[in-house]
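J.: sharing a model that was predicted from the sequence below.
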Amino acid sequence: MTSAAAPIPVRNDVEVIGLVGLAHGTSHFFHLMLPPLFPWLMKDFSLSYTEAGMLMTVFFVVSGVGQAVAGFVVDRTGARPVLFAGIGMLALSGIVLGVATTYPMLMLAAAVAGCGNSIFHPADFTLLNRRVAQPRLGHAFSVHGLSGNLGWAAAPVFMASIAATAGWHAAGFAAAGVGAVVLAILWWRRDVLDDAAAEVVAPAHDASKPVPAHQLAFLASPAVWLCFAFFFLTTSAFGILQNFAPAILGNVYGVSLVLATAGLTAYLAGSAVGTIAGGFLATRSEHNERVIAMALGLAAVMALLLASGWVSSSLLLPMMAIMGFGVGTAGPNRDLLVRRAATSQFGKASFGRVYGFVYSGLDTGLALSPLFFGPLLDAGRFNAALTAVAVLQAASLLTAMRVGVTARAKTAPREVSA
């Protein structure tokens, strides 16, 4: 009881947040290990765009299925060994890519990377929830999201520059080196990531909440399914932009490929800034769903305005940045909302399986978005694709509001009885 009430040094929290952020940035780096190499891979293996894109579908399908399973492993064995295994798998995927001589070997590299990627959300969020003091969780989730954006930003430059100078095989081995270095750093500071110390920071009321005996009991919770739907909707919208933003903006507004691509960069930069702002808002609000609704509402309005085709091309970059800012601001608040949904019924022992399942909605959205909306672009309906982004963002904000209401209804009786 004494240890549960002990104050947590800020330095400890900062190191945990930094190490988990490093791991998360590495996972996002490996999201984009393959796409920057497509020009070289398509040439050497005579691949079509569909065959090249299938590599990423394999990545996210494996990651999505693995993520739901990984949550149970995290709850049973702890987050630290699972995190180390994930980083090791990512490094291994770089080696497989480096030695690849056939298309099936590229598929294997994508599958191994997807398997490694699958562990990060259940492991990361279990560590943050167990090792970071609750008043600093909003900032922790903000850094977690920002580090992912930085990983996305670093990968294309890193992979393409090495491929251009030394070949794509060397780029694969270099990616493996990135994974190996990060694993070495995490191993060196492994004591900081020991989630057996959970009781030091976990709120007392979380520890006292009953955990259903059945391992799959969380699947009966409406809040958990609403969280899954929220992730599916938001990442389906992001998948449209991530895969097709340059083509969409180029066709709707007749701008150059350079400017259209800069639109996606502006979106990602705005998202990074929004993630930082969202961390401060998350720590100051008890109603995270309201922050999410306002942020995604702003993003949806920007998407609708862009879909109209009435916007001046000079406003493309600012409006894409504002849209990204809205989505980024929602991120840390979203993660706190999921935490509330998890602990309102199942307690801290369920962090891994709940986070693993609901975040598999993220991979599902990213895997299916190209399949759903690629035909829309093939039919030349580029404005409709932007409208779809707005509709998905609006649907996700409504889902977030419902998650907040549902989770709050579950916690209220316990708080009164206490």
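T.: Received the coordinates, thanks. Residues are numbered from 1 along each chain as shown.
J.: what's the neighbour count on residue 11?
T.: Per other Cβ atoms under 10 Å, the neighbour tally for residue 11 reads 8. (Each C-beta comes from the backbone N, C-alpha and C, glycine too.)
J.: how far away is it from residue 194?
T.: 16 Å (Cβ to Cβ, to the nearest Å).
J.: for the residue lying closest to residue 401 once chain neighbours are set aside, what are its contacts?
T.: Leaving aside its chain neighbours, residue 401 sits nearest to residue 289 (5.1 Å; criterion: Cβ to Cβ, 6 or more residues apart in numbering). Contacts for residue 289 were tallied using Cβ atoms under 8 Å, 6 or more residues apart in numbering; they are 333, 337, 400-401, 403-405.
J.: what is the neighbour count of residue 220?
T.: Neighbourhood size, residue 220 [other Cβ under 10 Å]: 11.
J.: actually residue 376, not the one I wrote
T.: Per other Cβ under 10 Å, the neighbour tally for residue 376 reads 18.
J.: now name the helix or strand holding it.
T.: helix 351-378 (DSSP states H and E).
J.: tell me the buried residues in that helix?
T.: 351-370, 373-374, 376-377 (16 or more other Cβ atoms under 10 Å).
J.: before we move on, what about stretch 151-160?
T.: Neighbour count says stretch 151-160 has 151-155, 158-160 buried, by 16+ other Cβ under 10 Å.
J.: also stretch 71-89?
T.: For stretch 71-89, the neighbour count (16+ other Cβ under 10 Å) marks 71-75, 78-87, 89 as buried.
J.: if we can go back for a sec, need the contacts of residue 289 in TSV (columns: secondary structure).
T.: Formatted as TSV, those follow (DSSP: H, G, I helix; E, B strand; the rest coil):
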residue	secondary structure
333	helix
337	helix
400	helix
401	helix
403	helix
404	helix
405	helix
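J.: just the buried members of the residues you listed?
T.: Using 16+ other Cβ under 10 Å as the burial test, those include 333, 337, 400-401, 403-404 as buried.
J.: pLDDT weak spots in this structure?
T.: Residue ranges of the chain with pLDDT under 70: 1-8, 49, 195-217, 285, 341-351, 407-418.
J.: quick one: which of the contacts of residue 289 is nearest residue 238?
T.: The closest of the contacts of residue 289 to residue 238 turns out to be residue 400 (Cβ to Cβ; 15.1 Å).
J.: surely residue 132 is in contact with residue 140?
T.: Yes - if you go by Cβ atoms under 8 Å, residue 132 and residue 140 touch, sitting 4.7 Å apart.
J.: what touches both of these two?
T.: 13, 16-17.
J.: tell me which element the residue nearest to residue 401 falls in.
T.: Assigned by DSSP H and E, residue 289 falls within helix 288-308.
J.: show me where the stretch 1-150 of the chain has its helices.
T.: If DSSP state H, counting those that start in this stretch is used as the criterion, the helices of the stretch 1-150 of the chain fall at 2-5, 10-31, 38-45, 49-77, 79-99, 103-117, 120-131, 137-166.
J.: so which of those helices comes closest to residue 328?
T.: Of all the helices of the stretch 1-150 of the chain, helix 137-166 comes closest under Cβ to Cβ, at 7.0 Å.
J.: could you check the angle the closest one makes with helix 10-31?
T.: Taking axes from the mean of the first three to the mean of the last three Cα atoms, to 10 degrees, one finds helix 137-166 and helix 10-31 inclined to each other by 40 degrees.
J.: what angle separates helix 137-166 from helix 79-99?
T.: Relative orientation of helix 137-166 versus helix 79-99 (the same axes, to 10 degrees): 20 degrees.
J.: tell me which of residue 132 and residue 140 has more neighbours.
T.: The neighbour count for residue 132 versus residue 140, taken as other Cβ under 10 Å, is higher for residue 140 (31 against 21).
J.: now residue 235: closest residue in space that isn't a chain neighbour?
T.: Counting by Cβ to Cβ, 6+ apart, residue 365 is the residue found nearest to residue 235 once chain neighbours are left out, at 3.3 Å.
J.: meant to ask about residue 176
T.: Nearest non-adjacent residue to residue 176, counting by Cβ to Cβ, 6+ apart: residue 94, 3.0 Å away.
J.: what comes into contact with stretch 56-76?
T.: Contacts of stretch 56-76 with the rest of the structure, by Cβ under 8 Å, 6+ apart, involve 31, 34-35, 82, 86, 107, 110-111, 113-115, 117-119, 121-123, 126, 215, 349-357, 359-360, 362-364, 366-367, 370-371.
J.: give me that answer again for 7 Å
T.: For stretch 56-76, contacts defined as Cβ atoms under 7 Å, 6 or more residues apart in numbering pick out 34-35, 82, 107, 110-111, 113-115, 117-119, 121-123, 126, 215, 349-350, 352-357, 359-360, 363-364, 366-367.
J.: coming back round to it: for the shared contacts of residue 132 and residue 140, give me TSV that also has neighbour count and distance to residue 311.
T.: Converted to TSV, the shared contacts of residue 132 and residue 140 look like this (neighbours: other Cβ atoms under 10 Å; distance: Cβ to Cβ, whole Å):
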residue	neighbour count	distance to residue 311
13	20	43
16	24	43
17	23	38
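J.: list just the nearest of those residues to residue 324.
T.: Nearest to residue 324 among the shared contacts of residue 132 and residue 140: residue 17, at 22.6 Å, using Cβ to Cβ.
J.: ok, now which ones touch residue 12?
T.: By Cβ under 7 Å, 6+ apart, residue 12 lies in contact with nothing.
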